[in-house]
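Enquirer: Provided below are the primary sequence and the corresponding predicted coordinates.
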Amino acid sequence: MERGARTGRAVRPQLRALLTVVLSAALLTACATTQPPSSPPATGTRATTPTSPQPKGPTTRPSPRTTPTRPPSTTTATTPRTGSTTPRPSTAPPVRAGQPAWVAVSVATLWSTPSSPRAVDAPALRAPADVRGWLAAMTLADRRGLQGRAETQSLLGDRLLVTAVSGSWASVVAPDQPTPKDARGYPGWVPVRQLSAVAPRSGTQAATVVARTAWLRGDTAAAARVVEVSFGTWLPVLGTAGGLVQVALPGGVVRRVDPTAVVRTSTDGRALPATGASVVASARGFTGLPYLWAGRSGFGFDCSGLTSLVYRVHGVRIPRDADAQALAGRRVASTSTVPGDLLFYATSSGYVHHVAMYAGSGLMVQSPATGQSVQTIPVATPAYAVQQAGARRYLP
């Protein structure tokens with residue numbers, strides 16, 4: 001028999017009340033168990049396979065000459081809150097357009113658009129970001145497909161400027177990565193979950209990671225491993241405990257790190273000397289690390305990501321991309337290069353698509369192309385020699 005409204009008979013009050021309770025409970029249960037997707041659907045067409053030597057990022061106008069600058073500012077004191085590597089509580093201040101935000105994961109990839117990531121890129125979008133898992137899951141074709149999708153990367157604690165917020169994504173610029181694309185810094189899109197609106201607590205010293213990667217540990221007696229961070233990660237020092245250095249993360253989180261993996265300086269000091277020998281030693285320390293388009297971390301570099309991050313750790317800020325790097329610094333003759341100078345390579349039309357670092361004795365260190373790794377080779381290598389397009393010096 002169909003329900004009462006269809007038969008013309010009234011439903012007794014007790015039965016009506018019971019039905020109301022049952023239907024309400026079912027609806028509440030359905031709402032509580034429905035969750036939004038963890039990442040946007042992947043769209044778009046894979047980019048054309050790059051050739052070797054491989055470019056990174058076209059630009060449109062010259063960058064001004066750059067000079068050594070102090071590391072990112074971390075002078076704002078904040079109230080501690082729960083972790084940068086765990087979901088933020090609902091009481092955390094929201095990330096807002098027109099305001100700064102700090103990278104709250106080990107490595108945040110800046111994407112061309114919110115729809116640029118593919119299904120294979122999901123680990124890189126999480127909080128905490130699973131960088132190792134992301135890289136391990138990608139095929140060679142997947143890595144090549146990052147061209148046109150990924151722009152650059154920022155590290156834990158880096159200060160970004162939020163220019164817009166759209167749903168679960170934030171449009172940002174990275175002020176520490178100069179580019180002709182935007183006078184404010186390198187632009188891209190980042191999942192909001194990977195950012196914090198709360199700056200790290202301030203300190204009188206800073207710790208810069210100088211190992212390829214290092215583990216941040218819990219601020220407890222057990223000091224268990226929590227998150228693996230990159231070379232170049234710069235965090236305020238709060239003190240020492242259990243033989244480890246206590247560092248401040250965005251959102252008020254405190255972690256510990258092995259003192260052998262970092263260099264402690266004043267907050268405006270350089271972690272490593274600005275000398276040719278020291279810069280070359282840092283670049284060569286990544287020998288064997290596979291190339292990663294848009295990579296700018298100890299987990300993977302593109303050609304200009306390697307040179308720009310190495311120089312940053314040595315206290316010198318240079319443009320992010322190869323073609324912009326080729327227009328800054330001081331021009332030097334190819335016969336007068338010294339260790340640490342940057343060597344540039346161009347197409348027949350003059351477009352600079354690759355950069356390497358002169359290592360001395362006729363050698364250069366570079367991150368060449370997808371499918372290859374950081375290597376030191378002769379400057380006279382024919383494939384490169386025919387495309388050489390000048391050299392620049394950034395060191396004093």
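Expert: Noted; the coordinates are in hand. Residues are numbered from 1 along each chain as shown.
Enquirer: please verify my assumption that residue 145 contacts residue 118.
Expert: Yes - in this structure, residue 145 is within contact of residue 118 by C-beta atoms under 8 Å, at 7.1 Å. To be clear about C-beta, it is placed using only N, CA and C from the backbone, and glycine gets the same treatment.
Enquirer: so the two - more neighbours on which side?
Expert: residue 145 (23 against 18; other C-beta atoms under 10 Å).
Enquirer: can you give me phi and psi for the more buried one?
Expert: Here is the backbone geometry of residue 145 (degrees, to the nearest 10): phi -70, psi -10.
Enquirer: just residue 113 next, same as before
Expert: phi -150, psi 170.
Enquirer: residues near it, how many?
Expert: 16.
Enquirer: also the one 10 residues further on?
Expert: Residue neighbour count, defined by other C-beta under 10 Å, stands at 18 for residue 123.
Enquirer: show me what contacts it?
Expert: Residue 123 makes contact with 129-131, 133-134, 137 under the criterion C-beta atoms under 8 Å, 6 or more residues apart in numbering.
Enquirer: show me which of these are buried.
Expert: 129-131, 134 (16 or more other C-beta atoms under 10 Å).
Enquirer: neighbours around residue 310, how many?
Expert: Neighbours around residue 310, by other C-beta under 10 Å: 27.
Enquirer: got it, and the one 4 residues further on?
Expert: When neighbours are defined as other C-beta under 10 Å, residue 314 has 20 of them.
Enquirer: that one against residue 276, yeah?
Expert: No - using C-beta under 8 Å, residue 314 is not in contact with residue 276, being 10.0 Å away.
Enquirer: so of the contacts of residue 123, which ones are in strands?
Expert: When DSSP state E is applied, these are split such that none fall in strands.
Enquirer: among the residues you listed, which one lies nearest to residue 174?
Expert: Using C-beta to C-beta, residue 129 is the member of the contacts of residue 123 that lies nearest residue 174, at 15.9 Å.
Enquirer: is that closest one in contact with residue 105, as I believe?
Expert: Yes - under the criterion of C-beta under 8 Å, residue 129 makes contact with residue 105 at 4.2 Å.
Enquirer: what touches both of those two?
Expert: Shared contacts of residue 129 and residue 105, defined by C-beta under 8 Å, 6+ apart, are found at residue 194.
Enquirer: if we can go back for a sec, between the buried ones among the contacts of residue 123, which sits nearest residue 184?
Expert: For those, the nearest to residue 184 is residue 129 (23.9 Å; C-beta to C-beta).
Enquirer: OK, contacts around the closest one?
Expert: 105-109, 123, 194 are the contacts of residue 129 under C-beta under 8 Å, 6+ apart.
Enquirer: try 7 Å this time
Expert: Going by C-beta atoms under 7 Å, 6 or more residues apart in numbering, residue 129 touches 105-108, 194.
Enquirer: can you tell me which of these comes closest to residue 388?
Expert: Distances from residue 388 to these, taken by C-beta to C-beta, are shortest for residue 107, at 32.0 Å.
Enquirer: could you give the bridge partners of the closest one?
Expert: Here residue 107 shows beta-bridge partners residue 155, assigned using DSSP bridges.
Enquirer: may I see the buried ones among the contacts of residue 123 arranged in JSON lines, with distance to residue 199 and pLDDT as well?
Expert: Formatted as JSON lines, the buried ones among the contacts of residue 123 follow (distance: C-beta to C-beta, whole Å; pLDDT from 0 to 100):
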{"residue": "129", "distance to residue 199": "20", "pLDDT": "98"}
{"residue": "130", "distance to residue 199": "25", "pLDDT": "98"}
{"residue": "131", "distance to residue 199": "23", "pLDDT": "98"}
{"residue": "134", "distance to residue 199": "27", "pLDDT": "98"}
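Enquirer: alright, that wraps it up for me.
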